[in-house]
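Trainee: From the sequence below, what's the structure:
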Amino acid sequence: MNDTNLKTFLATNLAIDEHEISPLLENYKIKRVQKDAFLLRPGEYCKQTFFVENGLLRQYSIDEKGKEHTISFAPENWFVTDRESVYFNHPTAYYIQALEDSTVSILDENLIQVLTDKAPSFTEFNNRLLHNHIRQLQNRINLLLSASAEERYLNFIEMYPDILLRVPQTMVASYLGITPESLSRVRKELAQKNFKK
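Mentor: Next up, the predicted model:
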C-alpha cells in the first residue's frame, strides 16, 4: 500500500511506527471523487467514515423550502460521516459532497474493529476524536444561539483557516446561519476595523 495521510495520521496519533500500522490498513479503500460528486445523499445508509487525503468535502442538508444548511467542511486530514446513520442504522438526512477533486480513505466498521483489536491505543484515540467532535458541536450550537454574526465568522476563521479561499461565500454564510449579504457586511466591517488599527 502506498503511503497515505491516513497512515501517517494514525501512526502519529497512536504513537506507533508507520510500519506497524501498515498491516492493519491493508484492506481499506481509497476513492478518488470528482468535484461536485456525492459520497452520500439523503435516504441512503451511511456505512463508512471518510478521511480526506486531499481535496475538500462538505456535509449539508436541504430544508423543505430548498435552503441549504452547511453542517461542516472537511479539508485535508479531517474525518466526516453521519454518525447517526452509521451507528444507529438510520437513513441519512445529509449530503456529503466533494467541493474539489478529492481523494478520500474509506474506513468501514470492520477496519475500526481491526484497529480496536490490534492497536490498543486506538480506542482511547477514537474516544478523544468523538469527544472533540461533541465539544465542537456544542460550541457551534452555543454560537448559533447566542453569538453575533461577527463572533461566528471569527470562530469560523479559527476553525477553518484556509477554507475562505476555497468555497463560495454562500456556503460560508450557510455554515454561519446568516445571509450572504450579512456575511459581506461583517467582512467589510472587520476590514474597516483592521484598517483603522
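Trainee: pLDDT weak spots in this structure?
Mentor: Low-confidence segments of the chain (pLDDT under 70): 1-3, 195-197.
Trainee: So for it, the centremost residue is which one?
Mentor: Geometric centre of the chain, nearest residue: residue 74, 3.2 Å, by C-alpha atoms, centre = their mean.
Trainee: Look at residue 172 and give its secondary structure.
Mentor: Following DSSP: H, G, I helix; E, B strand; the rest coil, we place residue 172 in the helix state.
Trainee: so how many other residues sit close to it?
Mentor: 21 (other C-beta atoms under 10 Å). Just so you know, the C-beta spots here come from the backbone N, C-alpha and C atoms, and that holds for glycine as well.
Trainee: surely it meets residue 166?
Mentor: No: between residue 172 and residue 166 there is no contact under C-beta atoms under 8 Å: 10.2 Å.
Trainee: and stretch 92-111, how far from the chain's centre?
Mentor: Distance of stretch 92-111 from the chain centroid (C-alpha atoms, centre = their mean, to the nearest Å) equals 9 Å.
Trainee: and what of stretch 57-76?
Mentor: 11 Å.
Trainee: Can you mark which positions in that stretch are buried?
Mentor: Under the neighbour-count criterion of 16 or more other C-beta atoms under 10 Å, stretch 57-76 has 57-60, 70-75 buried.
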